[in-house]
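In: need a 3D model of the sequence below.
(one chain, ligands or ions: 1)
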Amino acid sequence: MSLTVVGSIAFDAVTTPFGTREKMLGGSAVHFSLASSFFTDVRVVGPVGDDFGDAEYGVLRNRGVICDDIEHVPGGETFFWRGHYDYDLNTAHTDDTRLNVFGSFAPKLSPESRASDVLFLANIQPDLQREVREQSDARFVALDSMNLWIETARDSLLKTIEGVDCVLLNDAEIRQLTRKPNLVQAAKELRALGPKVVVAKQGEYGAALLTDEGFFGLPAYPLETVNDPTGAGDSFAGGFVGYLAAHQGEDLSHQTLCRAMAYGTAIASYNVEEFGTERVSRLTREEITARVSELQKITHFVDAPVALRA
Ligand code: AMP
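Out: Next up is the predicted model:
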């Protein structure tokens, strides 16, 4: 049982109302792999430059993430993203994106990453996601993307979505991509393209699961302290897809998917408490289990009869 992720490996510069970091480890594949490493063996595929050193590899390796398929491009610089958040921490504002080594990246999966049971296409250019998908023998493939690609490569993204089993996007991105204002209809339209599972991430409001079997909504874990939401979506995806990877071979029932949502939600809640990878890199399995139990408690209620008036 193993999981391969392809996506950005990055340095991020982030400002939120609660602080600033000028250069921290980030990237969709990094946040995803740290979260999913709690469930299975994870291999990361993506390029880095000369500036990506032992400290950065150390964060991944400390969580057992397999870095053999990270491609070091001599003379190159690692992908760089600068963004900020206002008091509405749900919206990331991009100030600068430097593709650097991603500009000339031609993904080539090793035999080991090709053979993974599960593949996650984290947020990168959709043509690249498709190239990876075509090389993989995975039995379950999930995908994430962002508004940049919906705006600049919509047709390519739709084509990539046709070849996957599960799509995870922010609810605003689902509406933007399908050009449908109603989320239930928009998710149905995405499912008609091929994927059987659609997850709409809703920032601090949680996430919704939409399958042919039904709907499941889970709030975000109620936190008193949120410092940096960067990577929340990828940590959620890492927990969600990681949980599914740990249950490969079993029937992917609606109930299994609902449980996977709880693990994604729990890990994402830790991610946002501190900047970048700071919190998840020292997260423990006991902490994850505790928050999943809490989520179960706060989302359960028992109905009691009441005389409703006509
Ligand atoms: P999220 O989980 O949605 O908050 O994603 C955060 C991560 O996405 C950051 O660590 C960035 O490095 C990465 N990112 C931002 N823009 C892009 C992009 N255009 N392509 C790939 N990754 C990106």
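
In: give me the phi and psi for Asp137.
Out: The phi/psi pair for Asp137 (degrees, to the nearest 10) reads phi -100, psi 20.

In: one more: Ala153?
Out: The phi/psi pair for Ala153 (degrees, to the nearest 10) reads phi -150, psi 40.

In: what's the burial count for it?
Out: Residues within reach of Ala153, counting by other Cβ atoms under 10 Å, total 16. Yep, even glycine has a C-beta here, placed from its N, CA and C like the rest.

In: setting the sequence-adjacent residues aside, check what's closest to it.
Out: Spatially, and ignoring its direct neighbours in sequence, Ala153 is nearest to Pro126 (5.2 Å; Cβ to Cβ, 6 or more residues apart in numbering).

In: which residues touch that neighbour?
Out: With contacts defined as Cβ atoms under 8 Å, 6 or more residues apart in numbering, the neighbours of Pro126 are 145, 149, 153, 156-157, 159-160.

In: how near is it to Leu148?
Out: Taking Cβ to Cβ, to the nearest Å as the criterion, Pro126 is separated from Leu148 by 10 Å.

In: can you check Glu22 too?
Out: Using Cβ to Cβ, which is the criterion applied here, Glu22 is 22 Å from Leu148.

In: again, but for Gln135
Out: Noted for Gln135: a distance of 24 Å to Leu148, by Cβ to Cβ.

In: quick one, which of the two is more surrounded?
Out: Gln135 (17 against 12).

In: count the neighbours of Asp165 for me.
Out: 18.

In: surely it touches Val199?
Out: No. Applying Cβ atoms under 8 Å, one finds Asp165 not in contact with Val199, separated by 11.7 Å.

In: okay, now Lys297: neighbour count?
Out: Around Lys297 there are 7 other residues, counting by other Cβ under 10 Å.

In: what segments of the chain are strands?
Out: In chain order, the chain shows strands spanning 2-6, 10-16, 19-26, 41-48, 70-72, 79-84, 93-98, 118-121, 140-144, 166-170, 197-201, 207-211, 214-218, with DSSP state E as the criterion.

In: buried ones in the third one?
Out: I take that to be strand 19-26. Applying a neighbour-count criterion of 16 or more other Cβ atoms under 10 Å, the buried positions in strand 19-26 are 21, 24-26.
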